[in-house]
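Enquirer: Fold the following, please.
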Amino acid sequence: MPYLCKDCRYYLPVDVFTGICKITRAKLTPDDAFCEKSEKIPKCKFCEHFTPERDYLGLCMGNTLCYPDLVAAKCADFTWEKQP
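Expert: Residues are numbered from 1 along each chain as shown. This is a model prediction of the structure:
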């Protein structure tokens, strides 16, 4: 899965279509590719407890509906998925 700007800690959304990089102050879209200064933010789709069900919906721990792009920084059960 390629990482996108919207998955970066330094991405600041302005509206649905644009955002700003907090480091370079460049104008971006959420679907631009990760740059070398990017840092992955904890999101449900990166958690080992997340199971995708449909395109924009999944299950947390097998029983709770959640969105893959939901920021999980405050989730007590968040654990980074293991990379192959």
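Enquirer: Quick one: residues contacting the residue lying closest to Asp69 once chain neighbours are set aside.
Expert: Nearest non-adjacent residue to Asp69, counting by Cβ to Cβ, 6 or more residues apart in numbering: Lys43, 5.8 Å away. Where C-beta positions appear, they are placed from N, C-alpha and C, glycine not excepted. Counting by Cβ atoms under 8 Å, 6 or more residues apart in numbering, Lys43 touches Asp7, Pro68, Asp69, Leu70, Val71, Ala72.
Enquirer: Please apply the same query to Cys60.
Expert: With contact set as Cβ under 8 Å, 6+ apart, Cys60 has these partners: Cys44, Cys47, His49, Phe50, Cys66, Asp77.
Enquirer: Name whatever forms a beta bridge with the fifth one.
Expert: Meaning Cys66. Counting by DSSP bridges, Cys66 forms beta bridges with Gly58.
Enquirer: Surely it touches Leu59?
Expert: Yes - counting by Cβ atoms under 8 Å, Leu59 is a contact partner of Cys66 at 7.1 Å.
Enquirer: Report the buried members of the contacts of Lys43.
Expert: The neighbour-count test (16 or more other Cβ atoms under 10 Å) applied to the contacts of Lys43 identifies Asp7, Pro68, Ala72 as buried.
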